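my questions are about this predicted structure, shown below with the sequence.
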Amino acid sequence: MLNLEELYRPMPNRNKDDWNRDWDLFAPFWEGTRRGELLVQECSVTKKKIWPPRFVSPYTPDAELRWVPVEGKGEIYTYNVVYRGFFPYYKDKVPYALVVVDLGNGIRMLGNTVGMDPTKVHCGMKMEVAFEKIDDEITLVNWKPAERS
């Protein structure tokens, strides 16, 4: 049984009426996370990757945009360690680290860290995607330290 704090965990709002046109824009991304895939858009003319998604290619405006998988590995570009939970759900979760992971090709994604001491986060740290299935609709993108080869 969920406690009240779990019930009020901040989540992406998947209600089409609330997201207006952005629902359709991000839908393939969320479908990919449910399958354990990290997807970004790619310009069909330049083959350049695009994140966040757009309706029109910033490189060739009349080009088709298609969704393609990317390897969920990169390094921390920047981060913030949060020590105060402003939302009840985070009261017992602090400290936690929010990171922007540079995946290469101009792609940087935001997410929480998991599986590590958040005070040990540093720029340049190698990270890999860690999907967190919340329910049948939402699977979040988190980041964990990359396993050593």
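Noted; the coordinates are in hand. It should be emphasised that the depicted structure is a prediction, and the values quoted were computed from it without experimental measurement. Residues are numbered from 1 along each chain as shown.

what residues does the longest helix seen in the chain touch?
Counting by DSSP state H, the longest helix found in the chain is helix 22-34. For helix 22-34, contacts defined as C-beta atoms under 8 Å, 6 or more residues apart in numbering pick out 12, 14-16, 19, 38-40, 53-55, 67, 69, 131, 133, 136-141. For every residue, glycine as well, the C-beta is placed using N, CA and C.

what does the average pLDDT come to for it?
Average pLDDT, helix 22-34: 87.

now the following helix or strand past that helix against helix 22-34, angle please.
Stepping forward along the backbone from helix 22-34, the first helix or strand reached (DSSP states H and E) is strand 39-43. With axes from the mean of the first three to the mean of the last three C-alpha atoms, to 10 degrees as the basis, strand 39-43 and helix 22-34 are set at 120 degrees to each other.

what lies in contact with the following helix or strand past strand 39-43?
Later in the chain than strand 39-43, the nearest helix or strand by DSSP H and E is strand 49-50. Strand 49-50 is contacted from outside by 40-43, 57-58, 65, 68, 70, 105-107, using C-beta under 8 Å, 6+ apart.

can you rerun that using 10 Å?
The contact list for strand 49-50 (C-beta atoms under 10 Å, 6 or more residues apart in numbering) reads 40-43, 56-59, 65, 67-68, 70, 103-107.

adjacent strands (with direction) for the following helix or strand past it?
Moving toward the C-terminus from strand 49-50, the next helix or strand (DSSP H and E) is strand 65-69. Using DSSP bridges, the strands paired with strand 65-69 are strand 39-43 (antiparallel).

run the chain-centre distance for the strand it pairs with.
Chain-centre distance of strand 39-43: 14 Å, with C-alpha atoms, centre = their mean, to the nearest Å.

pLDDT averaged over stretch 81-95 - what is it?
89.

and stretch 61-78, by the same measure?
Mean pLDDT, computed over stretch 61-78, is 97.
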